[in-house]
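>>> When you get a sec, could you give me coordinates for this:
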Amino acid sequence: MSDQSRGVLTALAAILILMPDTVLFRMVQSEIWVLMVWRAFYQGLVLWLWLCLTRRGALLIDMRELGWFGPAFAAAMGFAAICFNLAIAWTTVANTLFIVATTPLWAALLSRRWLGERLEPRVLATMAVCGIGIALIAVGKDPGGIAHWSGNLCALGGALGMAIGFTLARRAGDRSMIPGLAVATVLPLCFGAAMGGAVMPLPGDMPLLFVIGAVIAPLSFALLTTAARFIPSAQVSLMLLLETALAPILVWWIIGENPGQNALIGGGIVVIALLLSNLAALRRS
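Numbering: from 1, shown residues only. The predicted model follows:
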């Protein structure tokens, strides 16, 4: 199997695993703070166990080598996790995913500021078009009355948090950020606990929370990271748009959450702009 085929199949497997994530979020009946605590707990447990088993005595050395990048990365990704949880609770899944999909654009903007990388006209044009799409999403209303400006703002905060984390990871060079990702789970866990989420979930929610935190999150991340070794990052981003476009439809079909006309139009603008931008980047690479 060629590297291209291996990378595409690995990324596709990650997307198929990630697809049910938002559906399971909606099926959890416990309040958002309980979901936040248990999702972070299971995700952190899996990451720490994996690090301890694979790195053993070298884990402390790995964490020291990260320097200030480690805590900064953990803070950014922990903040993004909190925002994502709140966005799913306070607005529609479609709004959340469409807004979070703009993360690479914010990362490009930060890379210009922090890494001195040239900001291509393609990225600026994509940001302008995506801004129109996000504006349509922000002013739209869904038939179920779920969408709220606070959730849309949290989704934007999640995108910015991940963009900061990805930019820091690039600046850190070859140093692995997985220890930082494990530390990042402490932030949503503590925040959720402080808000009253440190209790047992409602009956029937524990299996869902386990799948969300212990299976979907770490496995999809591991597969996407592996895929990026075989195919260009633009192609990985291109394939991730499948999840952005299809997950809201899956939630609509299974849960009955209608995102509303404005969200569909605005989300379509965002997805098409990112699609064309990534295709252009992929063609150049």
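>>> And the residue of the chain most remote from its centre, how far from residue 63?
Largest separation from the mean C-alpha position in the chain: residue 57, at 30.2 Å (CA atoms, centre = their mean). Separation of residue 57 from residue 63 (CB to CB, to the nearest Å) stands at 12 Å. Glycine gets a C-beta too; all of them are placed from N, C-alpha and C.
>>> before we move on, the earlier item: please tell me how far the residue farthest from the centre of the chain sits from residue 47.
Per CB to CB, residue 57 is found 18 Å from residue 47.
>>> likewise residue 114?
Per CB to CB, residue 114 is found 26 Å from residue 47.
>>> In terms of neighbours, single out the busier of these two.
Between residue 114 and residue 47, counting by other CB atoms under 10 Å, residue 47 is the more crowded of the two (22 against 13).
>>> Does the more buried one belong to a helix, a strand or coil?
helix (DSSP: H, G, I helix; E, B strand; the rest coil).
>>> Correct me if wrong: it contacts residue 184.
No. In this structure, residue 47 is not within contact of residue 184 by CB atoms under 8 Å, at 9.1 Å.
>>> Distance-wise, check residue 7 relative to residue 226.
If you go by CB to CB, the gap between residue 7 and residue 226 works out to 8 Å.
>>> Also residue 203?
Taking CB to CB, one finds residue 203 at 37 Å from residue 226.
>>> With residue 41 instead?
25 Å.
>>> Could you do residue 130 as well?
Counting by CB to CB - residue 130 and residue 226 are separated by 28 Å.
>>> and stretch 10-23, average pLDDT?
Stretch 10-23 carries an average pLDDT of 89.
>>> Poorly predicted segments of the stretch 51-200 of the chain, please.
Within the stretch 51-200 of the chain, no stretch has pLDDT under 70.
>>> of residue 41 and residue 226, who's got more company?
residue 41 (21 against 15).
>>> Contacts only, for residue 230.
3, 4, 6, 7, 10 (CB atoms under 8 Å, 6 or more residues apart in numbering).
>>> mind listing which of the residues you listed are in helices?
Counting by DSSP state H, the part of these found in helices is 3, 4, 6, 7, 10.
>>> Look up the closest residue to the second one, ignoring the ones flanking it.
Distances taken as CB to CB, 6 or more residues apart in numbering place residue 231 nearest to residue 4, at 6.2 Å, with adjacent residues excluded.
>>> Could you look up the SS state of that neighbour?
Assignment for residue 231 (three-state DSSP): coil.
>>> how far away is it from residue 7?
As judged by CB to CB, residue 231 and residue 7 stand 3 Å apart.
>>> how many neighbours does the residue nearest to residue 138 when sequence neighbours are not counted have?
What sits nearest to residue 138 in space, not counting adjacent residues and going by CB to CB, 6+ apart, is residue 152, at 5.4 Å. Look at residue 152: counted by other CB under 10 Å, it has 24 neighbours.
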